[in-house]
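Enquirer: predicted model and sequence below, questions to follow.
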Amino acid sequence: MSVASTIKWILDSIPRAPKRAGVLMKIYYCWQECFTPAGHAAAALFALSLALGMIPGFWAAWIFCGLDFLFFLALIPTWYLTTKNKAKTNLIRVIPVVEGENAVAEVSFSAITNIDQVSVGAFRMDPQLKCLESKPLLGSKAGNSYQLQCRITTRNRGAFKIPKMALLVPEINGMLRFAMDMGSAELLVYPRIIKVSSFSFLTSGTSGLVFAPLLLPSLTRGMDFVGVREYREGDSLRDLHHKAFARYGKPFTKEFETERGAGAVLVLDVETRSIADRMRLEPLIRLTAGVGRFLQERGALGRFFIGDEEIPIVSADGGKSLLDALARIPQKGLSTAKPHSWSPAARPMGPVLRLGLFPKKEDLVHKQIVVESSERTSAADDTLFVNVNKLNAVEVSL
């Protein structure tokens, strides 16, 4: 890691979203929510005129300052009329996205009074998020229901609270707007999945013998038929779905429900011992998402742990429960934790694959993948060292 990237990481680690808003933050919230772009310009002109008026002999600035002040006084009656607009929240829905993508926040509401113009926005969020307000909706009639969407730009993985989703009703002069609080929401930003194109390490060597049978679906499947999917190399020929093959002209495989507890046990160790370890945590989480997706697509993932906590795996959601858990891992910071051994409440029955930031010798672990900042020329049969710089790619081979 270069010195510049290290300094940038430390600066990004400093929390900027206040846990409790003080007077200055409340003024900032008012500035952000209650002023339109034109209102921002008018308020900035007032402050500039006030500053220029301090220059001896520059009396013209006080004229602009006085006119601007009188203009804002004239907005008081129109602001009073604007606050009489009413609406009721029906539903707030925020669709999870992958880090770097734009999320969609949808607000469904019923107008209680007629509203000439309304848009929607998200406010008081973590500074990593930015809201792109929706286009205005004209002529909302009382008693009717409407839907509006705004977009939220994301940068990093995480579980972010949106404290205020608001309907924005501008006053008639277009300088101020009334932000009707519609409620709060949560935005899950999933880690970018590093796709695992090949995984020869999983079945290599003596320790890989316990993983090899799991990649054959016929050995781990249950008795309940759940559907069909496209044929993958290694699928049993007796599980081919002949009707789907005849209809679509390409092979499909029958899919059966995997028995609970059957399959590999994936363990993500987020323990850190230094700031350098914390800098490699995000690449480790992205790699874990790729390994988990690789195992789930082959029906070989039985259980998933983050540290000692087991995360329920629901195969019907396409791995979303795994991604939800990865998104909720606390983001990088400057704190570290004391090392400890993996000790789950229930002893795993299947083979254990561990991913971490440094190697550990543990009796329950069969194989482990370690994300390091330097390149290693050799590795043990049960340990694979991955250079953190190689994880910048979209696809890797392990």
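Expert: Cool, the structure landed.

Enquirer: need the residue closest to the centroid of this protein.
Expert: Centroid-nearest residue in the chain, with Cα atoms, centre = their mean: residue 189, separated by 0.7 Å.

Enquirer: in terms of pLDDT, where does that one sit?
Expert: With respect to pLDDT, residue 189 has a value of 91.

Enquirer: who are the neighbours in contact with it?
Expert: With contacts defined as Cβ atoms under 8 Å, 6 or more residues apart in numbering, residue 189 is in contact with 96, 97, 98, 99, 103, 154, 156, 157, 158, 159, 160, 327. (Each C-beta comes from the backbone N, C-alpha and C, glycine too.)

Enquirer: and it, what helix or strand is that in?
Expert: Residue 189 is part of strand 177-190 when elements are defined by DSSP states H and E.

Enquirer: wait, residue 29 sits on residue 166?
Expert: No - assessed by Cβ atoms under 8 Å, residue 29 is found out of contact with residue 166, at 10.7 Å.

Enquirer: who does the residue nearest to the centre of the chain bridge with?
Expert: residue 97, residue 158 (DSSP bridges).

Enquirer: identify the bridge partners of the nearest residue to residue 33 once chain neighbours are set aside.
Expert: Leaving aside its chain neighbours, residue 33 sits nearest to residue 179 (4.2 Å; criterion: Cβ to Cβ, 6 or more residues apart in numbering). Taking DSSP bridges as the rule, residue 179 bridges to residue 168.

Enquirer: residues contacting residue 179?
Expert: 33, 34, 121, 123, 164, 166, 167, 168.

Enquirer: now for these: which two are most distant?
Expert: The most widely separated members of the contacts of residue 179, counting by Cβ to Cβ, are 34 and 167 (13.1 Å).

Enquirer: of the two, who's got more company?
Expert: With other Cβ atoms under 10 Å as the criterion, residue 34 and residue 167 differ in neighbour count, and residue 167 comes out ahead with 27 against 16.

Enquirer: can you list the weak-confidence ranges in the stretch 151-300 of the chain?
Expert: 216-229, 231-238, 255-262 (pLDDT under 70).

Enquirer: how about the helices in it?
Expert: 200-203, 217-220, 242-248, 275-279, 281-297 (DSSP state H, counting those that start in this stretch).

Enquirer: now the ones you listed as JSON lines including mean neighbour count and distance to residue 386?
Expert: JSON lines is the format used below for the helices of the stretch 151-300 of the chain (neighbours: other Cβ atoms under 10 Å; distance: least, Cβ to Cβ, whole Å):
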{"stretch": "helix 200-203", "mean neighbour count": "18", "distance to residue 386": "10"}
{"stretch": "helix 217-220", "mean neighbour count": "16", "distance to residue 386": "27"}
{"stretch": "helix 242-248", "mean neighbour count": "12", "distance to residue 386": "38"}
{"stretch": "helix 275-279", "mean neighbour count": "18", "distance to residue 386": "14"}
{"stretch": "helix 281-297", "mean neighbour count": "22", "distance to residue 386": "7"}
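
Enquirer: any chance of those in CSV, plus distance to residue 393?
Expert: Listed next are the helices of the stretch 151-300 of the chain as CSV, based on distance: least, Cβ to Cβ, whole Å:
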stretch, distance to residue 393
helix 200-203, 17
helix 217-220, 28
helix 242-248, 33
helix 275-279, 18
helix 281-297, 11
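
Enquirer: picking that back up, overlap in contacts of residue 29 and residue 166?
Expert: residue 123.

Enquirer: give the buried residues for the strand holding residue 189.
Expert: 177, 178, 179, 180, 182, 185, 187, 188, 189, 190 (16 or more other Cβ atoms under 10 Å).

Enquirer: just flag the most distant two among these.
Expert: The most distant members of these, if one measures by Cβ to Cβ, are 178 and 190, lying 34.6 Å apart.

Enquirer: relative to residue 304, how far out is the residue nearest to residue 33?
Expert: Distance from residue 179 to residue 304, counting by Cβ to Cβ, to the nearest Å: 41 Å.

Enquirer: checking the residue nearest to residue 87 when sequence neighbours are not counted next. Helix, strand or coil?
Expert: Spatial nearest neighbour of residue 87, excluding adjacent residues (Cβ to Cβ, 6+ apart): residue 109 at 4.7 Å. Judged by DSSP: H, G, I helix; E, B strand; the rest coil, the three-state class of residue 109 is strand.

Enquirer: ok, residue 109 - contacts?
Expert: By Cβ under 8 Å, 6+ apart, residue 109 lies in contact with 87, 88, 89, 90, 145, 146, 147, 148, 167, 182.

Enquirer: turn these into TSV, columns for secondary structure and distance to residue 116.
Expert: Formatted as TSV, the contacts of residue 109 follow (DSSP: H, G, I helix; E, B strand; the rest coil; distance: Cβ to Cβ, whole Å):
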residue	secondary structure	distance to residue 116
87	strand	13
88	strand	18
89	strand	20
90	strand	21
145	strand	18
146	strand	13
147	strand	18
148	strand	15
167	strand	13
182	strand	18
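
Enquirer: any quick ChimeraX command for the buried ones out of those residues?
Expert: Selection of the buried residues among those in ChimeraX, burial being defined by 16+ other Cβ under 10 Å:
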select :87,146,148,167,182
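
Enquirer: and residue 383, what are its bridge partners?
Expert: Applying DSSP bridges, one finds that residue 383 bridges with residue 368.

Enquirer: what is the burial count for it?
Expert: 18.

Enquirer: hmm, back to that, between residue 29 and residue 166, which has more neighbouring residues?
Expert: A count of neighbours by other Cβ under 10 Å puts residue 166 above the other of residue 29 and residue 166, at 23 against 16.
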